[in-house]
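[1] I need the structure of the sequence given here:
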Amino acid sequence: MSGLPIILTPQGRAALVNADNTGTSGLRIAQIGVSDSAAGVAGDVLQGEIKRLATFSGQVVADDTVHVTIRDDTSAVYGMRAFALYLEDGTLLAWYAQAEVILEKSAQAILLLSCDIQFAGLNATVLEFGDTNWTNPIATPSVYGVLKLATATEAMAGESGVAAITPATLRLALNARFGDGAPSGFVKGLLNLATAALLRAALGLGSASLRNEGAGNSLDADMLDGQHGAYYHDFENLTNVPAFAPEVHEHTIASVTGLQSALNAKAAVAHQHSAGDITSGTLDLARIPVIPAISKVDAMTGGGTGESAWIRLNADRANGAVGGSIRIGSDGSVYFTFNDATTVRFDTAGQMTNGTVPWARLSGVPAFASSAHTHTTLTRGSYLTGSNYNGGASTTWAVDATTTSNASKIVARDASGDIHARLFRSEYASLNANIGAIMTQVNAGGATDNYIRPSTPAQVKAALAMSIADVANLQATLNAKATLNAAVTFQDVTASRGNGTGVIYFGNGSRYLYFDGSKYQLVSAPLLVGGTVTAPAFAQSSSRRYKRRIETISASDALTLLSGVRWVTYRMRADGSHAAGAIAEELADGPLDFVVTRTNNGAPDGINYQPLFVLACAALRGLTDRVSALESRA
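    Numbering: from 1, shown residues only. Sure thing, here's the model as predicted:
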């Protein structure tokens, strides 16, 4: 199979970045997982994964292509629809899935799949494979590998660059191009001729087959009656041309070349038109003659029935002045309009009914003598009335020392000097929704400028003289989450169980860390530490009461198990530290699988080295016995 478009996972792409974030790092593919499901990947797990194989090999055959050969010689039975590439640390690098079965695996058969995997957006040269001893890539001019035989269709098309042609398919390709059995012996002889003269001689062609056309050459094969084509382009060289009698006809200005531009170049000629000839348009003001002064106007009427007669008087508007008018209404009233805005009206009785007359313009105004008077003091039980309250209705407020809930009562002071008011409403916005009803007196400018407003949290805390230590039995729900790399500071967190022992719950409460009075216990949860763990001693529960099926390990069995372990040195990706040990993926699914710890999705993750130490002790005991036996023979 060739060109499978494999999908790179986000965690796989992240693994490509080196520790310094300056480029890509080499990746080693350690396992290939196979699945009979076409569902693909969910999170970091290949859906329906059947098993993971370490029996595979790979080779980079192009910048974006890797040839992979997968082998499964177990008795497993499945139909492979998907596979995934896993790195040494269990990271899912990439995956491919399709609806149809890629390959069927039976119990007696060996699964052997060779395919080209094409990566989009990834330089395949950064990938390494665990076992490169055997592989079957497609052969190219630069890669040794396997070639497929071209079909007849592929051979005749001549487009494939990875298929080999056989004599049979070559003959089909030649017949399709030149004809069956072609070329003939005669044509083969022509193909061997080295010059055009030899080819003409072989074909029996003389010098008449030479082409020597064109003006100025010795041959006139391109002439007509001894003349070249240019001669007949001139009308005067033609004979028997018919004569055409002139006939009256018309041409538009656009049809006559240069006529419009010639007319446009003509100078304008002064001329006149009588007033009767002008029936449309607007005359310039300068063309209208000056009307002589009118000394008397007997009457001016409007344009129709019921319309008033008027005279428009305009001042020199060009110099900023405005005009006015005199108009006689249909009822006989006279209207004087000044400055195009103010209008004064006189009715038929001569009374001014519109407009304003300044007080200084009035005459005959009577004089009023001043009169002494008093106002009654507002006392208890009196009433204030007004009309600008409650939607315009007249409302009475009683000035009375009472706290009765009545819409008409306002603030009052009783005989004891206490102030009574039905309601105080603050115009300030609440500073905290939880304490909006708590008010604080504010002294803004001395004893005469005190007021109250909603309290701030700091004012409430100061008024209660509270500190953090004083807050007890408080419950709060924290919904805010700190962002990545944000600085978060906590006070000491103290929690206790009913029996007085400290406890911290995780998740749903089924797993927790607590101190039972003598030791700390972590229940039902593994402890994962990214750094170095230092302790004076480690003790593992080893009492017989915790165990069953206790069997002795023979020295030979221990040696056999340990002989299959590949011990390596390595550097940690996280901090670059140098360490030694084994690889969990190499021990998984084998006789030492019991020492491998796994992630939640079942991927190999870590190694419990204590059982390996026990096996080493058992093997050492056997070796010691053998050494003792050899020494006794010496």
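[2] any idea how far T169 is from F178?
    According to Cβ to Cβ, to the nearest Å, F178 and T169 sit 15 Å apart. C-betas here are computed from N, CA, C, even on glycine.
[3] Comparing those two, which shows the higher neighbour count?
    T169 (19 against 12; other Cβ atoms under 10 Å).
[4] any chance you could map the strands in the stretch 251-400 of the chain?
    Assigned by DSSP state E, counting those that start in this stretch, the stretch 251-400 of the chain shows strands spanning 309-313, 324-328, 334-338, 342-346, 352-354, 383-386, 395-398.
[5] The fifth one pairs with which strands?
    Put plainly, it is strand 352-354. Here strand 352-354 is paired, per DSSP bridges, with strand 342-346 (antiparallel).
[6] For the partner strand, buried residues please.
    345-346 (16 or more other Cβ atoms under 10 Å).
[7] Averaged pLDDT, it. What do you get?
    The average pLDDT within strand 342-346 is 74.
[8] What angle do strand 334-338 and that strand make with each other?
    Orientation note: strand 342-346 sits at an angle of 160 degrees relative to strand 334-338 (axes from the mean of the first three to the mean of the last three Cα atoms, to 10 degrees).
[9] Let me see the residues that make contact with strand 342-346.
    333-338, 352-355 (Cβ atoms under 8 Å, 6 or more residues apart in numbering).
[10] Closest to A97 out of those?
    When the contacts of strand 342-346 are ranked by distance to A97 (Cβ to Cβ), T337 comes first, at 91.5 Å.
[11] re the thing from before, and the contacts of strand 342-346, which are buried?
    Among those, those classed as buried by 16+ other Cβ under 10 Å are 333, 335, 337.
[12] for the residues you listed, which one is nearest F83?
    Of all the buried ones among the contacts of strand 342-346, F83 sits closest to T337, with 98.1 Å by Cβ to Cβ.
[13] coming back round to it: select from the strands of the stretch 251-400 of the chain the stretch with the lowest mean pLDDT.
    Ranked by mean pLDDT, the strands of the stretch 251-400 of the chain bottom out at strand 395-398, which scores a mean of 43.
[14] Give me the neighbour count for the residue nearest to S577 when sequence neighbours are not counted.
    Nearest non-adjacent residue to S577, counting by Cβ to Cβ, 6 or more residues apart in numbering: R571, 6.6 Å away. A count of nearby residues for R571, using other Cβ under 10 Å, gives 11.
[15] Tell me what R571 is bridged to.
    Beta-bridge pairing for R571 (DSSP bridges): H578.
[16] which intervals of the stretch 151-300 of the chain have sub-threshold pLDDT?
    206-223, 226, 283, 285-300 (pLDDT under 70).
[17] what are the ranges of the helices in it?
    Using DSSP state H, counting those that start in this stretch, the helices assigned to the stretch 151-300 of the chain run over residues 152-157, 167-178, 185-191, 196-203, 259-264.
[18] How about residues contacting the last one?
    Contacts of helix 259-264 from elsewhere in the structure, counted by Cβ under 8 Å, 6+ apart, are 253-254.
[19] who does G79 bridge with?
    With DSSP bridges as the rule, G79 is bridged to E104.
[20] what does the model give it for pLDDT?
    93.
[21] Pipe the buried ones among the contacts of strand 342-346 into a markdown table and attach distance to L527 per row.
    Shown next, in a markdown table, are these (distance: Cβ to Cβ, whole Å):
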| residue | distance to L527 |
| --- | --- |
| S333 | 106 |
| Y335 | 103 |
| T337 | 100 |
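[22] Go through these and name the one nearest L203.
    Nearest to L203 out of those is T337 (Cβ to Cβ; 114.3 Å).
[23] sorry, back to before: so the residue nearest to S577 touches A579, yeah?
    Yes - R571 is in contact with A579 according to Cβ atoms under 8 Å; the separation is 7.4 Å.
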